[in-house]
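Asks: Have a look at this fold, sequence not included:
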C-alpha cells in the first residue's frame, strides 16, 4: 500500500519531507552532517588511503592468512595491489582476493567512490547515474553496483528483528506494457515489511523481503529467518501472519475493517515505511526487474536505513560488508535470486 506520510516530530527514526522552519523541532537523525564530498576526498582520495581503509576493514586486528590463519607475513610489491605472503604456509593474498571485489581491474578509489555514493543516497541511486559519477560505462557500473548491493543484502541477512515489531504485506513493482494488470502482473512481487520499535515507540530497524506468496508456510519461513524468538508482532487481520508463532513469536492482529492507513495510528510506522520505500523506488529505478533483483535492492535499502544513525561511518560500513562477501560472477548476479 502507498500511504500518505504523517507529520514529523523530533527524534524519530524515519525521515520524510516536512516543514523545517525554525519554529519546528528538527529531526536530529535527518539533519546530521553526514560525510561531505570534500570530506570523502580527504579520507579516500588516493589509492594508498583506500588501500589502508580496505586493509582495516578486512583485517581489523592485523593480517590473517586465508589459508592457515597465520599472523606473521611479509609484503610483495611490483603489482597494482601489494601481496601479503604468510610466513607460516607461504600463501600469498591480496586485499581483494576472496571478497566480492576479487579480480577487479578498477582502482580502489573507484570502488570507494561507489561505496560513498550508494551509502549517502537516501533514496538509492541507479546504475546509470552511478556510471556518470564514476566515469565508467553502464555495464561496468551495473556490475559494480550489484556486487555492492549483494554484499549489503548478505550483511542484512545476519541480523534479526526483536522486541516490538510491526508487520505488513504489500506488492512491489508496476505493470508491464501488454502484461497482466493488477496483482497478477509479471513484474509485481509480494513483499513483507517489518519494523522494530524501541521502548518509546520509535523505529529502530527494518526488514523488507520478497516472499513467494502470502501463505502460512511462506510467512512461517520468513519469520524463522528474520524474527528473534519472543518478539511481539503486531499485524493486520491477514490470516497468514498468525504463522509467526511457529518461530516462537507472540502475535496480535488488529482487524482494519477497510479503514484508511492514516486512521490506524497503531500501524503508523509500518505504513510510513512502505510509503517511503515505494516513493524511493518509483523515483529512482525505471524498467526494473523486481522479480529477479528485488532481494539485493531491498537489502541495500534496509542496510542504509538500519545504519542511518551515523552517516559519517556509512562508507566504512559498506567496505566492511564488501570484505565479508564471497566472490560471485556476473552470471550469478544476473540470475534470479531466491525469495526469503
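Replies: Good, I have the coordinates. Note that the structure is predicted; figures quoted are calculated from it, not measured.

Asks: hey, let's count contacts and neighbours off CA atoms from now on
Replies: Noted.

Asks: how about the nearest residue to residue 239, chain neighbours excluded?
Replies: By the measure of CA to CA, 6 or more residues apart in numbering, the closest residue to residue 239 outside its immediate chain neighbours is residue 216, 7.8 Å from it.

Asks: and the gap between the one you found and residue 222?
Replies: Using CA to CA, to the nearest Å, we find residue 216 at a distance of 10 Å from residue 222.

Asks: higher neighbour count, these two?
Replies: A side-by-side neighbour count of residue 216 and residue 222, using other CA atoms under 10 Å, places residue 222 first with 21 against 16.

Asks: part of a helix, is that one?
Replies: Yes. Counting by DSSP: H, G, I helix; E, B strand; the rest coil, one finds residue 222 located in a helix.

Asks: Looking at it now. What's its pLDDT?
Replies: What the model reports for residue 222 is a pLDDT of 97.

Asks: Likewise for the one 10 residues further on?
Replies: Taken from the predicted model, the pLDDT recorded for residue 232 is 98.

Asks: Could you do the one 10 residues further on as well?
Replies: According to the per-residue confidence, residue 242 scores 97 in pLDDT.

Asks: partners of the nearest residue in space to it that is not next to it in sequence in the sheet?
Replies: Here the nearest residue to residue 242 in space, its sequence neighbours aside, is residue 251; by CA to CA, 6+ apart that works out to 6.5 Å. Residues found in beta-bridge contact with residue 251 (criterion: DSSP bridges) are residue 233.

Asks: Go ahead and confirm residue 251 touches residue 234.
Replies: Yes. At 6.1 Å, residue 251 counts as touching residue 234 under the criterion of CA atoms under 8 Å.

Asks: Pretty sure residue 235 sits against residue 164.
Replies: No. Counting by CA under 8 Å, no contact exists between residue 235 and residue 164, whose distance comes to 11.2 Å.

Asks: Quick one: the strands in the protein, in order.
Replies: Taking DSSP state E as the criterion, the chain contains strands spanning 73-76, 83-86, 92-93, 164-172, 189-197, 203-210, 232-235, 250-253.

Asks: what stretches of the protein score poorly on pLDDT?
Replies: For the chain, residues meeting the criterion pLDDT under 70 lie at 1-24, 174-187, 261-262, 338-340.

Asks: one more time with 80
Replies: Scanning the chain for pLDDT under 80 picks out 1-25, 78-80, 173-187, 257-263, 286-288, 290-291, 336-340.

Asks: what ranges do the helices span in this protein?
Replies: 37-44, 47-58, 108-120, 127-134, 138-156, 216-226, 268-284, 290-306, 314-324, 330-334 (DSSP state H).

Asks: Using JSON lines, please lay out these together with distance to residue 85.
Replies: JSON lines is the format used below for the helices of the chain (distance: least, CA to CA, whole Å):
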{"stretch": "helix 37-44", "distance to residue 85": "26"}
{"stretch": "helix 47-58", "distance to residue 85": "14"}
{"stretch": "helix 108-120", "distance to residue 85": "21"}
{"stretch": "helix 127-134", "distance to residue 85": "32"}
{"stretch": "helix 138-156", "distance to residue 85": "26"}
{"stretch": "helix 216-226", "distance to residue 85": "39"}
{"stretch": "helix 268-284", "distance to residue 85": "44"}
{"stretch": "helix 290-306", "distance to residue 85": "34"}
{"stretch": "helix 314-324", "distance to residue 85": "19"}
{"stretch": "helix 330-334", "distance to residue 85": "29"}
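
Asks: For residue 64, find the nearest of the ones you listed.
Replies: Across the helices of the chain, residue 64 has its closest neighbour in helix 47-58 (9.3 Å, CA to CA).

Asks: for that closest one, which positions count as buried?
Replies: Residues of helix 47-58 classed as buried: 47, 49, 50, 51, 53, 54, 55, 56, 57, 58 (neighbour count, 16 or more other CA atoms under 10 Å).

Asks: Tabulate these in TSV, adding columns for distance to residue 71.
Replies: Conversion of those to TSV gives the following (distance: CA to CA, whole Å):
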residue	distance to residue 71
47	24
49	22
50	22
51	19
53	19
54	17
55	14
56	14
57	16
58	14
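
Asks: Go through those and say which is closest to residue 267.
Replies: residue 57 (38.3 Å).

Asks: between the strands of the chain, which gets nearest to residue 132?
Replies: strand 164-172 (27.1 Å).

Asks: related to what we said a few turns ago, between residue 251 and residue 234, who's got more neighbours?
Replies: residue 234 (20 against 17).

Asks: contacting residues around that one?
Replies: By CA atoms under 8 Å, 6 or more residues apart in numbering, the residues touching residue 234 are 164, 165, 166, 167, 251, 252, 253, 254.
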